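[1] I'd like to go over a predicted model; first the sequence, then the structure.
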Amino acid sequence: MFCSQCGKELKEDTLVCPECGADTGKGQAEKEEVCSGKNDKENRGKHFKLYVLIGSAVIAVILIMALAFFYFRGKKPETEDAKVTDTQEVSGKEIKEDDINEEEYIFPYSDKEYLTDADMESLTEEQLGFARNEIFARHGRIFTEEKYKEYFEEKSWYKGTVEPEVFDSNYEKELNKIEKANVEVIKNYEEKLKAFALAEQYYASVLKEYQDAEAGGYSGDASQYPHVNSLLFGNGCSEPLYFTLSDLCGDGIPELFIGYFLDGDSSNYILMELYGYKAGSAKQLSVSAGFGVTPLGEQNFIGERVRYYICDNGLIRENGSGGADINNVTYYELRENSVEMTIKEGAGQDGGHYFEQNYGGLGVLEATKAFYEEMQNKYPLKSDMQWYKLQELEGYGLQIGLKLENDTGTEENFDAEACYENILQQYRAQKGMLMTGGDDDFTETYPNVNMNVFGGIGEIPSGLSYALTDIDGNGVEELFIADVAEGNPASYTTYDIYTCIQGTPQRLFDVGDMGIQSFYFVCTNNVIMKIQKENGSAWYGTLFYQLAGESAGTKFVDGVWVYPGSSLGPMYSRSEECMADDGEEVDKAYYDTLVNTYPVKEDIEWVKL
């Protein structure tokens with residue numbers, strides 16, 4: 001190495017030139033080298049600390065995520081019912097979803113799939129019961145009713161572990177929300193089937209007329225629809241009609257109510273029709289006030305100035321209006337086994353005057369405004385009414401108003417004796433027997449036999465016979481049971497009349513006084529004549545009836561009551577009921593013409609029982 005100032009040769013480690021004293025730069029280089037090494041150590045230390053912090057943060061995040069994952073994995077959502085997994089605990093036995101035999105279920109997945117009415121359409125009433133209880137069976141409910149016990153014990157998946165009382169008191173906690181919803185869907189459909197069957201049994205003719213009138217837009221001749229409220233033809237109705245059934249007097253036969261909804265709200269309904277069932281036919285409910293009985297449709301315009309509502313306690317509320325200042329609210333009570341209603345209580349307003357209606361409607365008492373206002377909503381309206389759209393009856397397949405068909409689909413092959421076989425056997429069983437035992441014993445053993453057939457001698461008459469004749473020409477023969485005079489088939493006393501609906505015999509007339517004070521005859525022109533003697537008076541009626549469509553029941557055609565003992569000569573009144581307030585006074589000529597219009601049929605073929 002050489003000095004940069006004087007050029008003298010120097011040793012490698014010389015810091016200062018001995019010749020000229022110049023700094024060789026060696027010391028600064030070492031100083032910088034030393035400083036540089038120190039900085040590297042410091043930097044490496046800083047980097048190490050940073051790496052430690054970053055690593056710790058990463059590890060902490062991983063730990064937090066792991067803890068959260070295991071926490072939420074084991075926690076059930078609070079806002080939902082238990083989720084259905086790919087395995088189920090069924091009656092204490094784990095069954096994998098792949099192991100389910102769908103053929104052993106009516107609805108294999110009713111615990112995880114919502115059901116609709118469309119799923120029910122192909123099922124019978126019995127199958128619906130199995131489907132509903134199938135949901136409970138999955139949870140191990142024990143069944144004591146024999147048909148359900150046998151049905152579910154045959155299923156490989158079923159094991160009854162929970163007593164019925166225990167399960168039924170706590171079942172809502174056992175079912176998930178899908179199962180709960182499906183139980184209600186099935187129950188509602190079961191109720192619907194029962195309602196439709198009752199509607200067919202008692203009110204087929206009324207419902208059929210309303211269906212036809214509604215389908216035609218109420219544009220036809222109102223007289224062709226005698227059961228339909230004539231206001232519908234005058235004012236029309238753009239809303240669909242609904243019907244509901246409710247047994248108001250607890251006699252086992254429901255009353256029929258037809259109406260429509262305002263703004264689609266079923267609790268805000270307008271009733272257009274109120275019907276009951278009496279003496280084998282549907283009849284409009286009537287009001288019994290004083291000494292008269294008047295059907296509602298003849299007393300006022302149902303659904304216009306007078307509206308009716310059904311109360312929780314079985315009463316019917318009437319709200320009537322005769323103008324801005326003339327109003328009334330009246331509560332009616334339906335008599336048991338009757339279509340007649342009596343006034344329970346009520347109140348009215350005429351301007352600034354208020355009055356109270358008492359039982360029977362024979363008079364009124366002065367009342368206060370407070371009493372009138374209290375009466376407005378004294379009895380709560382029924383809130384759990386089940387309404388059904390009228391036109392749904394067509395889709396249900398009741399065949400309302402259609403002729404009875406056998407398996408071949410034709411009426412000509414209808415087997416009347418097969419339909420009435422049980423009735424004929426019950427009457428045959430009375431041959432040669434004396435009437436013994438109480439009335440209850442007899443009717444329980446022979447429910448289809450009219451007890452009046454035994455007459456005053458206590459035994460069945462020797463001329464008891466039956467005839468099959470098609471009264472209304474629909475291909476279905478009616479059954480007549482009568483005591484026929486020997487050698488004179490046109491002279492007979494009728495004791496029973498049946499028709500056949502959907503393969504089931506249905507009695508056409510009440511047999512209370514049949515053969516004693518009321519006498520029935522087959523006439524031409526598709527009618528039945530009834531001669532009725534009035535209790536305790538000389539009045540007698542000659543009344544004519546047609547079959548109500550092709551359903552169980554009849555409808556009044558025409559009739560005249562005769563009172564022969566008047567000082568002014570015989571009196572004639574045209575009405576169905578004796579001494580009716582609305583009876584029309586007629587003369588003998590009208591009576592004779594009526595009787596001649598419907599002559600008694602004389603060529604009936606009777607067969608001895």
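    Arrived safely. Residues are numbered from 1 along each chain as shown.
[2] tell me the centre residue of this structure?
    The centre of the chain sits closest to Lys192, judged by CA atoms, centre = their mean, with a distance of 3.7 Å.
[3] Next, the nearest residue to it once chain neighbours are set aside: phi, psi?
    Of all residues not flanking Lys192 in the chain, Tyr388 sits nearest, at 6.5 Å (CB to CB, 6 or more residues apart in numbering). For every residue, glycine as well, the C-beta is placed using N, CA and C. Note on Tyr388: its backbone torsions stand at phi -130, psi 140 [degrees, to the nearest 10].
[4] what do you get for Tyr203?
    According to degrees, to the nearest 10, Tyr203 has phi -130, psi 30.
[5] Can you give me the neighbour number for it?
    Tyr203: 29 surrounding residues under other CB atoms under 10 Å.
[6] who touches it in this structure?
    When contacts are counted by CB atoms under 8 Å, 6 or more residues apart in numbering, Tyr203 touches 256, 275, 277, 282.
[7] mind checking pLDDT for it?
    Note for Tyr203: predicted pLDDT of 91.
[8] who does Glu585 bridge with?
    Residues in a beta bridge with Glu585, per DSSP bridges, are Ser573.
[9] doesn't Ser575 make contact with it?
    No: with contact defined as CB atoms under 8 Å, Glu585 does not count as touching Ser575 (10.1 Å).
[10] More neighbours: these two, which one.
    More neighbours surround Ser575 than the other of Glu585 and Ser575, with 19 against 9 (other CB under 10 Å).
[11] what sits opposite the closest residue to His353 other than its chain neighbours in the beta ladder?
    Once flanking residues are discounted, His353 sits nearest to Glu366: 7.7 Å by CB to CB, 6+ apart. Applying DSSP bridges to Glu366 gives these bridge partners: Phe355.
[12] my read: Glu366 touches Glu356, true?
    Yes: using CB under 8 Å, Glu366 makes contact with Glu356 at a distance of 7.4 Å.
[13] Between the two, tell me which one has more neighbours.
    Comparing Glu366 with Glu356 by other CB under 10 Å, the one with more neighbours is Glu356, at 17 against 9.
[14] how about that one, what does it touch?
    345-347, 364-367, 371.
[15] Gln127: neighbouring residues, count only.
    With other CB under 10 Å as criterion, Gln127 counts 12.
[16] Might one say that Gly236 is in contact with Ala213?
    No: proximity of Gly236 to Ala213 does not meet the contact threshold set by CB under 8 Å, at 10.8 Å.
[17] of the two, who's got more company?
    Ala213 (22 against 10).
[18] May I have the residues that are in contact with the more buried one?
    Contacts for Ala213 (CB under 8 Å, 6+ apart) come out as 220, 225, 228, 232-233.
[19] before we move on, the earlier item: and the residue nearest to Lys192, bridged to which residues?
    Phe243.
[20] okay but it is in contact with Lys194, surely?
    No: with contact defined as CB under 8 Å, Tyr388 does not count as touching Lys194 (11.0 Å).
[21] neighbour count winner among these two?
    Tyr388 (17 against 13).
[22] Can you point out the buried residues in stretch 203-210?
    By 16 or more other CB atoms under 10 Å, the buried positions in stretch 203-210 come out as 203-210.
[23] How about stretch 486-499?
    Applying 16+ other CB under 10 Å to stretch 486-499 flags 489, 492-499 as buried.
[24] okay if I get the residues you listed as a markdown table plus pLDDT, secondary structure and distance to Arg305?
    Formatted as a markdown table, these follow (pLDDT from 0 to 100; DSSP: H, G, I helix; E, B strand; the rest coil; distance: CB to CB, whole Å):
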| residue | pLDDT | secondary structure | distance to Arg305 |
| --- | --- | --- | --- |
| Pro489 | 85 | strand | 54 |
| Tyr492 | 91 | strand | 49 |
| Thr493 | 91 | strand | 48 |
| Thr494 | 92 | strand | 44 |
| Tyr495 | 91 | strand | 46 |
| Asp496 | 93 | strand | 44 |
| Ile497 | 92 | strand | 40 |
| Tyr498 | 90 | strand | 42 |
| Thr499 | 88 | strand | 38 |
